[in-house]
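sequence plus predicted model, see below.
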Amino acid sequence: QVQLVESGGGLVQAGGSLRLSCAASGSIFRINAMGWYRQAPGKQREMIATITRGGTTNYADSVKGRFTISRDNAKNTVYLQMNSLTPEDTAVYSCNGDLQYYRGSVIWTGYDYWGQGTQVTVSS
């Protein structure tokens, strides 16, 4: 079964840092465009950062200069380094992306996979 699995969330004090990971598992050929999203209680899900397979990145204004998205294609993993965290960053963070995977000897492309989410809580 092909899936995305996040890790690295937790409780941190304001001003602290966390690094989230999102690993694709299963018969993965490669990961393509990937992104991190978050949803705070009572708010809509918002895009935080995206990265193409070639490494081109895009950030929401709210995290520019504080968060960095990166990827390790050899490990089929995407990361989100979060620095200078504030209580407003408290949310469930989820990764999303397009994956190519083996089904037998054939490579398939799947779109819009989501991980299960990881909670990030920033205390003041």
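Here it is on my side, so go on.

how about the strands in this structure?
Remark: strands assigned in the chain by DSSP state E are 3-7, 10-13, 18-25, 28-39, 46-51, 57-59, 67-72, 77-82, 91-103, 106-114, 118-123.

now those in a markdown table, with mean pLDDT and mean neighbour count?
C-beta coordinates here come from the backbone N, C-alpha and C atoms, glycine included. Conversion of the strands of the chain to a markdown table gives the following (pLDDT from 0 to 100; neighbours: other Cβ atoms under 10 Å):
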| stretch | mean pLDDT | mean neighbour count |
| --- | --- | --- |
| strand 3-7 | 96 | 17 |
| strand 10-13 | 98 | 13 |
| strand 18-25 | 97 | 20 |
| strand 28-39 | 97 | 19 |
| strand 46-51 | 98 | 20 |
| strand 57-59 | 98 | 15 |
| strand 67-72 | 98 | 18 |
| strand 77-82 | 98 | 23 |
| strand 91-103 | 97 | 20 |
| strand 106-114 | 95 | 12 |
| strand 118-123 | 98 | 17 |
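
show me the contacts for the residue at the greatest distance from the centre of the chain.
Here the centre of the chain is the reference, and by Cα atoms, centre = their mean the most remote residue is S105, at 28.6 Å. Listed by Cβ atoms under 8 Å, 6 or more residues apart in numbering, the contact set of S105 is empty.
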